[in-house]
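In: Have a look at this prediction, sequence included:
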Amino acid sequence: MELTKKEAKALRILKEHPCISANAFACFYYTEPEHEYLFSACSNQGNGACRGKKAWLCAGSYLGRLRKKGYVQLRFINDSFRYDITSIGEEKLKNYEN
């Protein structure tokens, strides 16, 4: 199955930035003006408000879908979840770019 343009963009980010968090991934992935609300919207979090939560929740969800396809692996490093591209993901990205 061929990669989509969005999947290729995500895999390039993961290849350039290994062991990336969902929050950091969101900063690289959601760069278009229509995604601004993901970073500026305020969510009430029990003891206070939180800005930017929508961005990392969406990023984590998308990375989870890529993980189900086998393109991404999830690691637990230093008390946080980190994402890396797998060899399958690298191969798919290489085929997409050629």
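Out: Right, received. Where do you want to start?
In: Kindly state the beta-bridge partners for I85.
Out: Counting by DSSP bridges, I85 forms beta bridges with V72.
In: which residues in the chain form helices?
Out: Under the criterion DSSP state H, the chain contains helices at 5-16, 22-29, 36-40, 53-68, 87-97.
In: who's in contact with E97?
Out: The contact partners of E97, by CB atoms under 8 Å, 6 or more residues apart in numbering, come to A8. C-beta here means a position set from N, CA and C on the backbone, and glycine is covered the same way.
In: Apply 10 Å and report the result again.
Out: By CB atoms under 10 Å, 6 or more residues apart in numbering, the residues touching E97 are 3, 8, 11-12.
In: follow-up on the earlier one: quickly, which of the helices of the chain bottoms out on average pLDDT?
Out: Lowest mean pLDDT within the helices of the chain: helix 36-40, a mean of 81.
In: contact partners of it?
Out: Here helix 36-40 makes contact (CB under 10 Å, 6+ apart) with 26-27, 29-30, 51-59.
In: again, only this time at 6 Å
Out: With contacts defined as CB atoms under 6 Å, 6 or more residues apart in numbering, helix 36-40 is touched by 30, 52, 54-55.
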